[in-house]
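In: no sequence for this one, just the structure:
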Ligand SMILES: [Zn+2]
């Protein structure tokens, strides 16, 4: 590893739950998450060179909600801090760049969202083109349903494969103490369930989740001090597609393909995919070129807990954990933001 | 921790009419809608995009050539909305669809009034149903109807309106359940009893009112409850001379930071009961409470602060709170 290399050295998350009593600024969720993350490394908050977060005012229903979250850090005396109005995986990208410039040698990245405060599927209509699409209030499940049917009717996958994704995710989530949904399901039983928005059934859609997560990044020197087997970031890329839903091929994910190619995804053993809908996992696997030998989302993935603005960052933390434990040598984490997989980030890590 | 009951929460309604400038290309698309026509824009590769886009999605070149497309088209994909949400095009179950209009190459997202999901299929033909009163926006298309059904009566032709639509107003209304933190909830419940409850940070011992979910210096929740008196000093202030929407008293008046005795953070309130020009930094003030019958769980239980007539606090005693 060279001096400009950066590794993921810490990860903590709040339990993924349907609703918390907490505030929309996430302070109550973040204080214990930061404590857990720093306890594991021996660092204190004063040792962190850069803080960066992902969250959304639309989720909180008020302006500048991320400012209040900074109380959880203890931001006086002043700190070095930034924010993205996207999943915190994109905040991690900013932090990665910050360390690579040599300006800081540690960065703590966090994301949080209290989805239960509002009406999530309606709030997410605010992500759409504000001129001629959002005024119709298409909700997030409706838009995902249009994408799923395109895949189903073009023969890319079937409803049974979608149900298999849900069944596997829930089975894997039994090993994840932070998962919101888990259990043993028979695919045949899932296919008996009614549609919530034809062609999507409840198990095809991620649950509404309150949650937060945090990841610690370190420069090469610090990473070796902080962890025996750091998860070195060997590729980190993100790409975006048109804001015009009709202008995109919704059955492919060219932005994911491009990001994965540029990040060097070939040969990964484990892939944590941020797929809030079952069919999106199938589209992402094809876009990245993952074959059946790759272990997909052993955490249970977003179908078993989808804290908005933290779920993508959690994929990076979960994938890094497989490197720390020695379970895998090369892993991939994917995060998405925007409607129907509009924006995609791929992070490749190696032990 | 002094918290024993659940945090307070209340509905929070957020509403805003977003007003957007359209520019030339989107403006002409909206203008056509008001005239009950649908247009697209021709892309660099000759494909026609509907709705019109200002830049080519592939080459990023600016686009300018508007072309008329049909008001009938073909459904490329659909999903079913069994229970429509507030703001959506129809109030009964309907289908969302990606519709490629005749003469267009990219599909438009809109609603199809198909009765039941059995009435929807990929490849079906649909026709625009126009809104009775066009305004120059996508809602001028009320929804689409299956072409094989009975054609619904169309509204009379729109008035001749040659003037281009230049702005678009979209009302956005979102509903939330806002929760106070456990610490804030103690404070708000205290106000309902006429008590001013702060809390002390376990790390730096500063007393915050309202208390904090986390101390901004130490990042830990405040814990120990501290009841504060309703007397304090003005640390800084401004004289409000400008009228604004929602103002409840007539200018000029004084908005001031009031630091209660024993607190380490000031809050904003009104200072009345003397001429505005007589208010000073360091001036001692006390709360004027509203009649008890008017109390609720807000700081508005204190109508304003008023001078006590005591000697001013020396500058050094509050300089570190500025
Ligand atoms: Zn403190």
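Out: Cool, the structure landed. This one's a predicted model, so the numbers in the text were calculated from it and none came from an experiment. Residues are numbered from 1 along each chain as shown, chains lettered A, B, ... in the order given.
In: Quick check: nearest residue in space to residue A:95, chain neighbours excluded?
Out: In this structure, residue A:95 finds its nearest non-sequential neighbour in residue A:107, 3.7 Å apart by Cβ to Cβ, 6 or more residues apart in numbering or on different chains. Quick note: C-beta positions are derived from backbone N, CA and C, even for glycine.
In: tell me the mean pLDDT for the host helix or strand of the one you found?
Out: Element membership for residue A:107 (DSSP states H and E) is strand A:106-114. Taken as a whole, strand A:106-114 carries a mean pLDDT of 98.
In: which helices and strands does that strand pack with?
Out: helix A:27-39, strand A:50-54, helix A:57-60, helix A:88-100, strand A:210-219, helix A:311-324 (3 or more Cβ pairs under 8 Å, 6 or more residues apart in numbering or on different chains; DSSP states H and E).
In: who wins for proximity to residue B:137 among these?
Out: helix A:57-60 (21.1 Å; Cβ to Cβ).
In: in the closest one, what counts as buried?
Out: By neighbour count, with 16 or more other Cβ atoms under 10 Å in any protein chain shown as the criterion, the buried positions of helix A:57-60 are A:58, A:59, A:60.
In: Can you name the residues that contact the first one?
Out: So the one you mean is residue A:58. A:118, A:123, A:126, B:174 (Cβ atoms under 8 Å, 6 or more residues apart in numbering or on different chains).
In: Please report how far it lies from the ion.
Out: Relative to the ion, residue A:58 is positioned 31 Å away (criterion: Cβ to the ion, to the nearest Å).
In: Need the per-residue pLDDT for that residue.
Out: At residue A:58 the predicted local distance difference test score is 95.
In: And residue B:161, by the same measure?
Out: Reading off the confidence values, residue B:161 has pLDDT 64.
In: go on, residue B:248?
Out: Predicted confidence (pLDDT) for residue B:248: 85.
In: For the ion, what's its nearest residue on chain A.
Out: Of the residues in chain A, the one nearest the ion is residue A:74, at a distance of 7.5 Å by Cβ to the ion.
In: Following element in sequence after the helix or strand where residue B:95 lies, please.
Out: Assignment of secondary structure by DSSP H and E places residue B:95 within strand B:94-101. Downstream of strand B:94-101, the first helix or strand assigned by DSSP H and E is strand B:108-112.
In: Which strands or helices does that next one pack on?
Out: Using 3+ Cβ pairs under 8 Å, 6+ apart as the test, strand B:108-112 ends up in contact with strand B:72-81, strand B:94-101, strand B:141-146.
In: Could I get the average pLDDT for that strand?
Out: Here the mean pLDDT over strand B:108-112 is 98, rounded to a whole number.
In: now what about that strand, what contacts it?
Out: By Cβ under 8 Å, 6+ apart, the residues outside strand B:108-112 that reach it are A:133, A:136, A:138, A:143, A:146, A:245-246, B:38, B:50-51, B:73, B:75, B:78, B:81, B:88-90, B:94-101, B:120, B:124, B:126, B:138, B:141, B:143-146.
In: Tell me which two of the contacts of residue A:58 sit farthest apart.
Out: A:118 and A:126 (10.2 Å).
In: Any idea how far stretch B:16-24 is from the middle of the chain?
Out: For stretch B:16-24, the separation from the chain centroid amounts to 16 Å (computed by Cα atoms, centre = their mean, to the nearest Å).
In: can it be found next to chain A?
Out: Yes. For stretch B:16-24, a contact with chain A is found by Cβ under 8 Å from any Cβ of the partner chain, at B:18, B:20, B:22.
In: residue contacts, the residue in chain B sticking out farthest from the centre?
Out: Among the C-alpha atoms of chain B, the one most distant from their mean position (Cα atoms, centre = their mean) is that of residue B:311, at 44.9 Å. When the contact criterion is Cβ under 8 Å, 6+ apart, the partners of residue B:311 are residue B:284.
In: Which ones among the contacts of residue A:58 lie within helices?
Out: When these are checked against helices (DSSP state H), the matches are residue A:123.
In: List just the nearest of the contacts of residue A:58 to residue A:94.
Out: For those, the nearest to residue A:94 is residue A:126 (22.6 Å; Cβ to Cβ).
In: any chance you could map the strands in the stretch 51-200 of chain A?
Out: In the stretch 51-200 of chain A, the strands defined using DSSP state E, counting those that start in this stretch lie at A:81-84, A:106-114, A:195-197, A:200-201.
In: Pick the most deeply packed of the ones you listed.
Out: Compared across the strands of the stretch 51-200 of chain A, strand A:106-114 shows the largest average neighbour count, a mean of 29 (mean count of other Cβ atoms under 10 Å in any protein chain shown).
In: mind giving me the domain ranges of the chain?
Out: Assuming you mean chain A. Here chain A is described, according to automatic domain parsing, as comprising the domains A:6-119+A:208-231, A:127-206+A:234-350.
In: Hmm, no, I was thinking of chain B.
Out: Per automatic domain parsing, the domain ranges recorded for chain B read B:23-151, B:180-321.
In: contacting residues around stretch A:145-164?
Out: The set of residues external to stretch A:145-164 that reach it, using Cβ under 8 Å, 6+ apart, is A:187, A:190-191, A:197-201, A:203-204, A:245, A:250-251, A:277-280, A:282-283, A:286, A:340-341, B:76-80, B:96-98, B:109, B:122.
In: of the residues you listed, buried ones?
Out: Once neighbours are counted (16+ other Cβ under 10 Å), the buried part of the contacts of stretch A:145-164 comes down to A:187, A:190, A:197-201, A:203-204, A:245, A:250-251, A:277-280, A:282-283, A:286, A:340-341, B:76-80, B:96-98, B:109, B:122.
In: re the thing from before, show me which of the contacts of strand B:108-112 are buried.
Out: The neighbour-count test (16+ other Cβ under 10 Å) marks A:133, A:136, A:138, A:143, A:146, A:245-246, B:38, B:50-51, B:73, B:75, B:78, B:81, B:88-89, B:94-101, B:120, B:124, B:126, B:138, B:141, B:143-146 as buried among these.
In: Ramachandran coordinates for residue A:8?
Out: According to degrees, to the nearest 10, the main-chain angles of residue A:8 amount to phi -90, psi 120.
In: Also residue B:178?
Out: Note on residue B:178: backbone dihedrals following degrees, to the nearest 10 are phi -90, psi 130.
In: How are the strands of the stretch 51-200 of chain B distributed by residue range?
Out: Defined through DSSP E, counting those that start in this stretch, the strands belonging to the stretch 51-200 of chain B, from first to last, are B:66-69, B:72-81, B:94-101, B:108-112, B:125-130, B:141-146, B:167-179, B:196-200.
In: so which of those strands gets nearest residue A:293?
Out: Taking Cβ to Cβ, strand B:72-81 is the member of the strands of the stretch 51-200 of chain B nearest to residue A:293, at 32.1 Å.
In: I'd like the helices and strands packed on strand A:106-114 laid out as JSON lines, including distance to residue B:241.
Out: Formatted as JSON lines, the helices and strands packed on strand A:106-114 follow (distance: least, Cβ to Cβ, whole Å):
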{"stretch": "helix A:27-39", "distance to residue B:241": "37"}
{"stretch": "strand A:50-54", "distance to residue B:241": "39"}
{"stretch": "helix A:57-60", "distance to residue B:241": "32"}
{"stretch": "helix A:88-100", "distance to residue B:241": "42"}
{"stretch": "strand A:210-219", "distance to residue B:241": "44"}
{"stretch": "helix A:311-324", "distance to residue B:241": "48"}
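In: rewinding a little: most tightly packed of the domains of chain B?
Out: Ranked by mean neighbour count, the domains of chain B are led by domain B:23-151 with a mean of 19 (mean count of other Cβ under 10 Å).
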